[in-house]
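> A predicted structure for the sequence below; I have some questions about it.
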Amino acid sequence: MRNEKVVTDITVVGGGLSGVCAAIAAGRLGRTVALVQNRPVLGGNSSSEVRVWVCGATGHGTNRYARETGIIGELFLENQYRNPEGNPYLWDLVLLEAVRAEPNIRLFLNTDVHEVEAVGGAEDRRIQAVTGWMMGSERRIRYESPVYLDCTGDGLAGFMAGAEFRIGREAKAEYGEEWAPEAPDDITLGSTLLFYTKDAGHPVRFIAPAFAKDITQTSIPMRRIIRSGDSGCHYWWIEWGGELDTVHDNERIRDELWSVIYGIWDYIKNSGKFDADSLTLEWVGSVPGKREYRRFVGDYVLNQLDILAQEPFDDRVAFGGWSIDLHPPQGMYAEESGSRHLFADGNYHIPFRSLYSRNVDNLLFAGRNISASHVAFGTTRVMATCAVMGEAAGTGAALCAQKGVTPRELLLRDIASLQQTLLRQDASLIGVANEDPLDLARSATADASSTCQRIDIVGASEAYSLNASVGLLFPVDGPLERIELLLDADRSTRLDIELWHTGKKINYVPAEKVSAFSITVPAGENQWAEVPVLYRPDEPRNAFVIVRANPHVRLYLSDEPLFGVLGFERRQDEGEGDESLADLACSDPVAKWSMRGVHRKPFCLRVHPRTSAYSPSQILNGYARPYGGPNVWLSDRMAPGTEEWIRLTWPEPIPFAEIHLTFNDDVNEDLINLHHHRTPYEIMPELVRDYRLEIKSEKGWIPVHEEKGNRKRKRVHRLPARVTTDQLRLVVEATNGSRRASVTEIRVYDSPCS
C-alpha cells in the first residue's frame, strides 16, 4: 500500500455534475482543488455508467429563457457541437476534458472517500482531512484543505464529519407544504436502472434469465407505457426502493430493477404484442441511479412555499425551474402514476444558506444533498440544477479559501462579492444586476452601427388555424399604442383579444389582465388586423397578448425568430399526445401555455411604436440574460458580406487589459446531453461566429483581437499588453446563422480577474 498526502485550497468529494462544476469554478478563481470521484468516469447519473439525461430549469421546454449558463452552459454548448447524437461516452469525454483543461484541478478517479477527520462539538465542527482509497492502484490518499465540498449525492463525507442531515419526508405542518404527508416518515424517492436497445437489422431472439420477473403478473403492463422503440430514459419509471434504504439496500434494489428490465424486454420480445423481431439489447445499466438519500441541514431549508412563491432571496446564488416532481414510494409497482408535477410560474431562486452546513464550519455541499425539504428537493434534485448549485458552492468555497472565512462569515460579510463573482462568470443567477466596481464598462456609453427598432415580424411561412387560444409575448419599454396581426378570415367575424402583463420579471405567463378588446375582422386573406391597445407600463416589462380561439380565423407563423418575442399555444387537455406531461397539475400556467408547436416560429406581428428594447445600452444594463425584457443589443438584418459593430465610449482614455464578451445563445432553446430529443443546431444560430475587437487611436481603429469560428457564449480575451483608449468596439463580421448581430454584455477590466 502507498500512503500519500494531498494539500490543496479546496477538496471536492464527488465527481457528478455538481462536483465537476464546483471544482472548475474554484479552479478558475485561482484556488487549487482536489476533485475526488469514486467512479472511473465523471458525471454521476449523467455518465455512461447510468445514462440519465441532464434536466434543468427549462423543464424540457416548459419554462421560457430558462437554460442554464455558466459552466454547465458551456458543457451543454460543447456537447451540442461535438455530440449532437447524444452518445453517452462522448458526454463523458466532454466532462473529462473540461476538468483536465483546468491547471488548478488535480483529479482522482476511482477513489472512494471512507474516512473523515473532524474536530469540535456537535454544533461547531470542522473537517481537518478526508482519506480515500484509490481502487485498483492500492493508494491511500489523505486530502487536507481549509474548505471541503460534499458533492457525493448520498452525503457520505458530510455524514462522517458529523454534519446535521435528514432522510425522508417532513410533516406537512413543519413548513406548511401542501404536498408533504401529515406525519413525517423515512420514505424517499427510489432508484432507477436504464437500458438501451438497437435494431440489429436481422432477427434476434431473446432468452430471459431465470431471475427475470414475469411482468404480466404485476401491474406494470396496465399502468406504465411500454413500447418496442423506446429505451433509455423513456423508462425512467423503472424505479424502486423508496420504502427501503437506498444506500444500505442498494444491492437488493439493483437486483429487483434488473429482474424488471429483463422481464420487460422478455415481454417486448416474446409476448407477440410488439414489432421487435430485429431489436436487441445494446446496454443494460449496473449502477442504480439514486434519486434521494441524505439532505444536509444548512442555515436555511428551502421548501415548497419558497419554490412556488419564487422567493427572491437576498443571498440567491442559483436558480431552478424543473417541476416539483415526486414519485410514489412503491415506484414501478404503484397503482398511481409514476410521478406528479407542480411548476412554479417560472424559475425560482436558491439561497447560499442552503449550500453550507449549519454545524460544520468549513463544509459546503451541492447536488441532491442540499438543505431542502423533501418536497422542495423534488425540483432541486435534477442535474442541471445540481450543476449550477455546484458552480455557486465552488465559487463560495474559493472566496472562503481566499479570504480565510467560513461560508457563514462570507454570507454575513460579503454576499455581494459572491454574487458579483458569479455574474462575472456568467453563472445561472437571475435578477441580480452587475455592480462590479472593477468593470470599467459600467462608466462607458454604448452606440452601434444599427439597432433593431421595430418588432415587425412579417415574413409569413405557414397559416395557423385559430382553433384554440394563442399567446404572443413581446417586450414593452414605453407606451404601447397598437399591434397588428396578419390573418385570414373565412367570413366577417369578431376577434377577442386580451392584454396581460406577466407579473414577476422572471416569468413569461399571463399574470394580470390589463385590458380586453374586440375587433371586427372582415372576410379576406393576408390582411393586417389592427388592435388599439393603448398601454403604458410603469417600467420595461413583457406584454402577453391572448388571441381567443375563433375557428373562422387563421393567423400566420414566421420562420424568422426575433429574440424576446414568443408565441404560445394554450393546451386544451393536459398531456394530450405527450405522456411526459400527462400528470401536470391543471393550475400550472407554464404548462397550459406551451411553445412546443410554435417554437422559434413567432406569429406575424407588428408592434407600434418603435422599441428601444434592443438598443446598444442594453449591454450595459447589468443583466446578461432575459429578465423583464430581452437585455440584448440586436442589429438590423445583416446583408451578406456586411459588418455590424457596437462601441463603448468613455469620457476620457482609460487603460485596460481584459475584455469579457457575452454573446446571445438563445437560452430559450432547450439543449440536452443524451437522447431525450435532438435540437437541430450544432451551434446556436444567434451566436456571433467571426468578430474582432478594435481600439480607437490617432491613426484610426486598431485591431487588438480577431476571432474566427466562435461557438461559445462567454469569451474572455486577455490582451498581450495594456492598452489605453477612450473607445472600444466589437465588430461582428458573421453569425452562426442568424440574420442579426446579437450581444448580451461587454465588460472591461484593467487587470485579469483571476
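Sure, I can see it.

> where do the helices sit along the stretch 651-754 of the chain?
Under the criterion DSSP state H, counting those that start in this stretch, the stretch 651-754 of the chain carries no helices.

> so where's it uncertain?
Under the criterion pLDDT under 70, the flagged ranges of the stretch 651-754 of the chain are 754.

> kindly format the C-alpha coordinates of the helix or strand hosting Phe159 as CSV.
Of the helices and strands defined by DSSP states H and E, Phe159 is found in helix 156-160. Below are the C-alpha coordinates for helix 156-160, written out as CSV (Å, rounded to 0.1, in the frame of the first residue of the first chain):
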residue,chain,number,x,y,z
LEU,A,156,-21.3,10.3,2.9
ALA,A,157,-18.4,12.7,3.6
GLY,A,158,-20.6,15.2,5.4
PHE,A,159,-22.2,12.4,7.4
MET,A,160,-18.9,11.1,8.6
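
> sec struct for Trp322, please.
When classified by DSSP: H, G, I helix; E, B strand; the rest coil, Trp322 comes out as coil.

> didn't it look like it was pressed against Gly56?
Yes. At 6.4 Å, Trp322 and Gly56 qualify as touching, with contact defined as Cβ atoms under 8 Å. To be clear about C-beta, it is placed using only N, CA and C from the backbone, and glycine gets the same treatment.

> which neighbours do those two share?
Contact criterion Cβ atoms under 8 Å, 6 or more residues apart in numbering; residues shared by Trp322 and Gly56: Val382, Thr385.

> which residue comes closest to Glu512 once chain neighbours are left out?
His501 (5.7 Å; Cβ to Cβ, 6 or more residues apart in numbering).

> measure the one you found to Val514 for me?
According to Cβ to Cβ, to the nearest Å, His501 and Val514 sit 6 Å apart.

> mutual contacts of those two, please.
What both His501 and Val514 touch, as defined by Cβ under 8 Å, 6+ apart, is the set Ala543.

> lowest-confidence helix or strand of this protein?
helix 589-592 (a mean of 91; mean pLDDT, DSSP states H and E).

> the helix or strand following that helix pairs with which strands, and in what direction?
Sequence order places strand 593-594 as the next helix or strand after helix 589-592, per DSSP H and E. Taking DSSP bridges as the criterion, strand 593-594 forms sheet pairs with strand 566-570 (antiparallel).

> report the rounded mean pLDDT for the strand it pairs with.
Averaging pLDDT along strand 566-570 gives 96.

> what sits against the residue nearest to Glu512?
Pro510, Ala511, Glu512, Val514, Pro537, Arg541, Asn542, Ala543, Phe544.

> just give me the neighbour total for the second one.
Ala511 has 15 neighbours, counted by other Cβ atoms under 10 Å.

> once you drop chain neighbours, what's closest to it?
Gly503 (3.1 Å).

> how many neighbours does the one you found have?
Gly503 has 17 neighbouring residues, counting by other Cβ under 10 Å.

> just checking, it touches Glu512?
Yes. Applying Cβ under 8 Å, one finds Gly503 in contact with Glu512, separated by 6.1 Å.

> confirm Ile415 sits in a helix?
Yes. Membership of Ile415 in a helix is supported by three-state DSSP.

> using CSV, write down the CA coordinates of the strand ranked longest in the chain.
The residue-count maximum for a strand in the chain (DSSP state E) belongs to strand 714-735. C-alpha atoms of strand 714-735 as CSV (Å, rounded to 0.1, in the frame of the first residue of the first chain):
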residue,chain,number,x,y,z
LYS,A,714,-18.8,33.7,-23.0
ARG,A,715,-15.4,34.7,-24.2
VAL,A,716,-12.6,36.3,-22.2
HIS,A,717,-9.8,38.0,-24.1
ARG,A,718,-6.6,39.0,-22.2
LEU,A,719,-4.6,41.4,-24.3
PRO,A,720,-0.9,40.9,-24.7
ALA,A,721,-0.3,44.3,-23.1
ARG,A,722,-2.4,47.0,-21.5
VAL,A,723,-3.9,49.5,-23.9
THR,A,724,-5.2,53.0,-23.3
THR,A,725,-8.1,54.4,-25.2
ASP,A,726,-11.5,56.2,-24.9
GLN,A,727,-13.2,53.9,-27.5
LEU,A,728,-13.5,50.2,-27.9
ARG,A,729,-15.7,48.4,-30.4
LEU,A,730,-16.7,44.9,-31.2
VAL,A,731,-17.1,44.4,-34.9
VAL,A,732,-19.3,41.5,-35.9
GLU,A,733,-18.3,40.0,-39.2
ALA,A,734,-20.6,37.0,-39.2
THR,A,735,-23.0,35.0,-37.1
